[in-house]
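# no sequence on hand, only this structure:
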């Protein structure tokens, strides 16, 4: 899936990340947007976009897409900036995100 090209509204986008939760995909998208790379997130599940539009949590993974011309640069940035969490760390992060609390060392610059 990663590196796959997708045609959306006549434009070619590249899948640069596949995250197990929408919140993690959004974190990657924010990192790329801070580097002036346009992003789009889409669920991999057939009904997840519909569920999301209704305010419900999807059940599939979430892809981060960028315009095809930005694909290589986005993949390089992800390799440099995104750190994989161990399973316990990931579960704690997802729990914090679900309760709207952030660790003390979390970067909240995007809220300013």
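Happy to help now that I have it. Owing to the predicted nature of the structure, the values given are computational and were not obtained by experimental measurement.

# give me the number of residues near residue 69?
When neighbours are defined as other Cβ atoms under 10 Å, residue 69 has 10 of them. In this view, the C-beta of every residue, glycine as well, is placed from N, C-alpha and C.

# can you tell me how far it is from residue 14?
9 Å (Cβ to Cβ, to the nearest Å).

# could you do residue 3 as well?
Residue 3 is 7 Å from residue 14, by Cβ to Cβ.

# give me the common contacts of the two.
residue 71 (Cβ atoms under 8 Å, 6 or more residues apart in numbering).

# what about these two, which has more around it?
residue 14 (21 against 10).

# flag the shaky bits of this protein, pLDDT-wise.
45-59, 83-90, 93, 100-112 (pLDDT under 70).

# helix/strand/coil for residue 73?
Under DSSP: H, G, I helix; E, B strand; the rest coil, the three-state class of residue 73 is helix.

# ok, it - how many residues close by?
Residue 73 has 15 neighbouring residues, counting by other Cβ under 10 Å.

# could you pull out the strands in this protein for me?
5-8, 11-19, 40-43, 62-67 (DSSP state E).

# ok, the first one: who's next to it in the sheet?
It refers to strand 5-8. strand 11-19 (antiparallel) (DSSP bridges).

# now the angle from the partner strand to strand 62-67?
150 degrees (axes from the mean of the first three to the mean of the last three Cα atoms, to 10 degrees).

# quick one: contacts of strand 11-19?
So strand 11-19 is contacted by 1-7, 25, 28, 32, 40, 44, 61-68, 70-71, 74-75, 78, 82 (Cβ under 8 Å, 6+ apart).

# surely residue 64 is in contact with residue 28?
Yes: at 4.9 Å, residue 64 counts as touching residue 28 under the criterion of Cβ atoms under 8 Å.

# neighbour-wise, which of those two wins?
Just comparing residue 64 and residue 28: by other Cβ under 10 Å the higher neighbour count belongs to residue 64, 27 against 23.

# what's the neighbour count on the residue nearest to that one when sequence neighbours are not counted?
In space, and not counting its chain neighbours, residue 64 is closest to residue 17: 4.1 Å by Cβ to Cβ, 6 or more residues apart in numbering. By other Cβ under 10 Å, 25 other residues sit near residue 17.
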